[in-house]
Structures are given as C-alpha cells and as structure tokens.
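Engineer: Following is a predicted model, sequence given first.
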Amino acid sequence: MSKKKFDYFINGEKGRWEVIIGLEVHAQILSKSKLFSSSSTKFGAEPNTQVSLVDSAFPGMLPVINQFCVEQSIKTGLGLKAKINLNSVFDRKNYFYADLPQGYQISQYKNPIIGEGEVTLDMPYGTKKIGIERLHLEQDAGKSIHDMDLNNSYVDLNRSGVALMEIVSKPDLRSPEEVNVYIKKLRSIMRYLGTCDGNMQEGSLRADVNVSVRKIGDKKLGTRCEIKNVNSIRFMQMAIEYESKRQVELLESNKKVDQETRLFDTKKNITRSMRSKEDAHDYRYFPDPDLLPLNLEQNLIDKLKKELPELPDQKKERFIKEHNLSGYEANILVSEKEISDYYEEVIKECDKKIATNWITVELFAALNKKNLSISEFSVSAKNLSALIKMITSGKISGKIAKDVFEKMQINDKDPQKIVEKEGLIQQSDPKELEKMILNVLSKNEDKVAQYKSGKEKLFGFFVGQVMKISDGKANPKLVNDILKDKLK
C-alpha cells in the first residue's frame, strides 16, 4: 500500500484485480408525515398503528405529495452540489411482495428531482471526489417479519409510504475504506442539513452495494452484483471484501459472474444469492397517473439555497483559518454538527489549543469508552471550558484535570466545586516547592552527582519525586524552573 495513494487490490493466482463499487443509499427524509399521506413516521410505534388508507392501498385512495419532503430533497441536492431539476416525474415501479400493498412502488425513474452532484472525501492519501449520479424520491415498503412464528410471516405497514431519498453514486469508489468515509460524509451532510437523521440502527439509512471486479489496466467494467439492504458501515465493508474475492475466484476459474441480487449473511459473513438482477424493463416503469409532474419554481430553489446552514467542508475551511487547526483536527471536529457546535461553545472563553486537544483526545476517549454520542455526554461545554481555564491559570495540573474530568461526568459536576471540595488546587507557592525540591535532592545525593557528571535524563526522576510527595499537586512548570536553578 502506498502512503500517497491507497490501492485496494485483490491478488489472485492469475493477476491483480481492481474492485469497482457504487452505492444506492436509501435515506429516510426527516419528516413528521409520509411522502403521500399524513400518517406519522415516528419510530418504534406498535405494528400497523401508523397506516392510512393511502398507505394500505385502499381502493380509490389517491396520493397527495408532501411539500416538506420535496423541500428536504432539494436541500439535500444543494448540499451535494447537484443539479436541481425543475421538472420531474413520479413513476410506478411494478413488483409483487407481501409488504407492498399497492403491487407497485411510487418512485422516480427517467426524470428524477435531483441530477448529478459530488461528495468530497478526505482520505489519508488526499481528497477524492465521488460523483453522484442522481437523487430521486420514492416511498418505502412495509416490513415483513419472519421470526415471530415458525409457521407464519407477519407484515407491519408502519413504514409503508415513508419518504426516502435514493442517492445513487457513480462507480467511483475503489475500496471498503472509501465506502466507510463516503457513507459517513453523506450522513454528516444530511445531518447538518436536517434532512435525514442517519440512524442506521433504526433503518433511516441503508444501502444497496454494487460490486464488480476487473483486471488492473482494463477499462471495461465487469458484471456487477448488488448486495441488498445493508444497514451498517461495518457490514458494507465486510460484504465488499467477501464479494470481491468471490468474483475473482470465479473469473480465475474461467467461470462467469452472474448479474444478480445478493444478501449479506451477517452471521456467516458471506453474501448469498437472492434472485437474478432485474433490469429496468422488468419493473415496467410508467408515469403514475395519480400524480401530476412535479414542476418547481426557481425562486423556491433560491430561497432554500439561502437558508442552507454552514456545511462540513465550509466549516472545515473556517476552522483551519480561524482557529489555526490542522486539516486532521478540523476533519474530526466537523464530522458531526453536534461536535462542531460543542467545540465552538467550549472555545468561547478558554485556550483554543488546549481545548482542541482535550476534545479530540480526552472527550472522544470518554465517548468511545461509554459508547455515547456528544449529545448524550453528561459534561456540558460550559463546564469543560471552566476546567480548561483552571489548567491555563495554573490552578490545577493537567494530570489532576484528568481526574476531575472523570468526576465531572457524574451529573455534569462543576469542576470548581470538585477541586475545592477535594483540595486539589495546584501548589504554586515557590517557597513551598523549593522545600520539596531540596528534600528530594538531599535524599538522592548520589543521583545528583550522576546528573552533574552528565546523566541529564535523571532530571525527569527528580521531577517525578517532587510530584510524588506533592500528591501530583505541584505546578510542573515552577518545579522545572526551580529544580534547574538548584541543580546548577
């Protein structure tokens, strides 16, 4: 692997193979009601309690477009730097399944609401642009449940009619790592925009993963297989690794790769055949006669564009410029809107450099340890800022601050009160520190002699002894200054 450019290749017995990946991401629009009905989209409701006559395909019931969902998709398109099509059409995608009561899905085919765009990835080897082919609106199907009964399957129509944005990438992705970064970036953009919450565990974001392979140097794309409905980034990566190796083994055995839809078995970590891959004509697309073409006014697009918030790439550039951050630090801090908001709240009244280090190291470590998001974290930005100010003022040491930070995580405790209650204020009286230092030097005269004869590494030993007898409360900077003077 090159540090300049990450290359993900499959080394077969007959040569090296390149992996070509495209994603069809299904993002649930953040909306209180469905795409064509007023039914609630609230997650976790009792089965079949959020189903209107439209959602259940009761005869004669007509769909009515949800304007808010249309605006949400336009905002997403703008966030993806994509073309907004002023004229688009809803189509019927015909197929039969038990959880699709209409016998067709209302989607968009030849005339989607959003055209070509792009997403910029920050990879270890530099930036890479991933093309967006299209974004179209469609309604979700219901949910089939097969594990409640040995002899029967059940259908929950609560999701039937929920508004989805299907974001189709171009086949520009080349590795599981790029897929990881792409999904996270896409999710981050939509969360900044407030158009999708990106909660994969709730089914708000999932993807169909298209994988093919070709020999290094070949220009023609290989036969692709679609891995359907993968609902975690980790599973996407595992599915790609397995599927690409499976295809290479087939081709190197002079067998062909069938164009098919496959499922990822999360227990066995393998993909398995589901059905032959349909072409568009198999779905018999035709314009939905119950819905007029969607004609947008340019002034609506302009209005929504003006209302867009600062997006991750813009915020990253500003953070680097205004706060003197490295590209790496800025990337981490803008990855989630809640994190960037928290950071900016913390640095209002404290040292930016120390705050950046505390958030990217100590705070992130605490979040990972407890498996929490920043919005679930118990320490407020105000109290973290207060802790950092105590470090910079010399009131407490960095080591003590870490202990205080642990205690702060219990009900967002005030760091000032913790320090005062437990007597943790840093010892910064030069006379008291001098007494401690002289005590350490008198007890270690042999080491003092070794230090003066050239073993300068012993300086750290003396500092450690002073910190030990002060219970970690001695001001490290003053200890260093006084110790240097006494050792002369």
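Structural biologist: Sure, I can see it. Keep in mind it's a predicted model, so treat the numbers as computed, not measured.
Engineer: out of everything not next to it in sequence, what's closest to residue 389?
Structural biologist: Spatial nearest neighbour of residue 389, excluding adjacent residues (Cβ to Cβ, 6 or more residues apart in numbering): residue 350 at 4.9 Å. Any C-beta I mention is one placed from the backbone N, CA and C, and that applies to glycine too.
Engineer: Relative to residue 43, how far out is the closest residue to residue 45 other than its chain neighbours?
Structural biologist: Of all residues not flanking residue 45 in the chain, residue 158 sits nearest, at 5.9 Å (Cβ to Cβ, 6+ apart). Distance, residue 158 to residue 43, by Cβ to Cβ, to the nearest Å: 9 Å.
Engineer: what does residue 111 give?
Structural biologist: Taken as Cβ to Cβ, the span from residue 111 to residue 43 is 31 Å.
Engineer: before we move on, back to that, which pLDDT value belongs to the residue nearest to residue 45?
Structural biologist: Residue 158 is assigned 97 on the pLDDT scale.
Engineer: Contacts only, for it.
Structural biologist: Applying Cβ atoms under 8 Å, 6 or more residues apart in numbering, we find residue 158 in contact with 45, 47, 48, 49, 50, 51, 142, 143.
Engineer: what's the neighbour count on the residue nearest to residue 389?
Structural biologist: For residue 350, the count of nearby residues is 20 (other Cβ atoms under 10 Å).
Engineer: That one: helix or strand, and which one exactly?
Structural biologist: Of the helices and strands defined by DSSP states H and E, none includes residue 350.
Engineer: shaky segments in this structure?
Structural biologist: 1-7, 277-278, 280, 427, 429 (pLDDT under 70).
Engineer: The one residue sitting closest to the centre of it: what secondary structure?
Structural biologist: Geometric centre of the chain, nearest residue: residue 184, 3.4 Å, by Cα atoms, centre = their mean. For residue 184, the secondary structure call by DSSP: H, G, I helix; E, B strand; the rest coil comes out as helix.
Engineer: So residue 242 lies in a helix, does it not?
Structural biologist: Yes. Using three-state DSSP, the assignment for residue 242 is a helix.
Engineer: okay, now it: neighbour count?
Structural biologist: Residue 242, neighbours per other Cβ under 10 Å, totals 19.
Engineer: ok, it - contacts?
Structural biologist: 264, 269, 270, 271.
Engineer: pretty sure residue 160 is touching residue 105, no?
Structural biologist: No. Between residue 160 and residue 105 there is no contact under Cβ atoms under 8 Å: 9.9 Å.
Engineer: who has more neighbours, those two?
Structural biologist: residue 160 (28 against 20).
Engineer: Report the secondary structure state of residue 254.
Structural biologist: Classification of residue 254 using three-state DSSP returns coil.
Engineer: From residue 262, how far off is it?
Structural biologist: 21 Å.
Engineer: more crowded one of these two?
Structural biologist: For residue 254 versus residue 262, the count of surrounding residues by other Cβ under 10 Å is larger for residue 262: 23 against 7.
Engineer: OK, contacts around that one?
Structural biologist: 225, 226, 227, 228, 243, 271, 272, 273, 274.
Engineer: give the contact list for the closest residue to it other than its chain neighbours.
Structural biologist: Using Cβ to Cβ, 6+ apart and skipping the chain neighbours, the partner closest in space to residue 262 is residue 271 (4.3 Å). With contact set as Cβ under 8 Å, 6+ apart, residue 271 has these partners: 225, 227, 239, 242, 243, 246, 262, 263, 264, 265.
Engineer: go with 10 Å
Structural biologist: Neighbouring residues of residue 271 by Cβ atoms under 10 Å, 6 or more residues apart in numbering: 209, 211, 225, 227-228, 230, 238-240, 242-243, 246-247, 260, 262-265.
Engineer: Over to residue 286?
Structural biologist: If you count contacts by Cβ under 10 Å, 6+ apart, residue 286 has them with 91, 92, 93, 94, 104, 109.
Engineer: Cross-reference those residues with the strands and report the matches.
Structural biologist: 91, 92, 93, 94, 104 (DSSP state E).
Engineer: my guess is the third one meets residue 109, correct?
Structural biologist: This points to residue 93. Yes. Under the criterion of Cβ atoms under 10 Å, residue 93 makes contact with residue 109 at 7.3 Å.
Engineer: who touches both of the two?
Structural biologist: Common neighbours of residue 93 and residue 109, using Cβ under 10 Å, 6+ apart, are 138, 280, 283, 285, 286.
Engineer: Residue 163: how many residues sit nearby?
Structural biologist: The tally of other residues near residue 163 (other Cβ under 10 Å) stands at 26.
Engineer: again, but for the one 5 residues further on
Structural biologist: Residue 168 has 18 neighbouring residues, counting by other Cβ under 10 Å.
Engineer: Would it be right to say that it lies in a strand?
Structural biologist: Yes. Counting by three-state DSSP, residue 168 is found in a strand.
Engineer: Pop out the phi and psi values for residue 106.
Structural biologist: The phi/psi pair for residue 106 (degrees, to the nearest 10) reads phi -80, psi 120.
Engineer: circling back: take the contacts of residue 158 and write them to CSV, including neighbour count, distance to residue 328 and secondary structure.
Structural biologist: Output for the contacts of residue 158, formatted as CSV (neighbours: other Cβ atoms under 10 Å; distance: Cβ to Cβ, whole Å; DSSP: H, G, I helix; E, B strand; the rest coil):
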residue, neighbour count, distance to residue 328, secondary structure
45, 13, 42, coil
47, 15, 46, coil
48, 15, 48, coil
49, 12, 47, coil
50, 23, 44, coil
51, 23, 48, coil
142, 23, 44, coil
143, 15, 41, strand
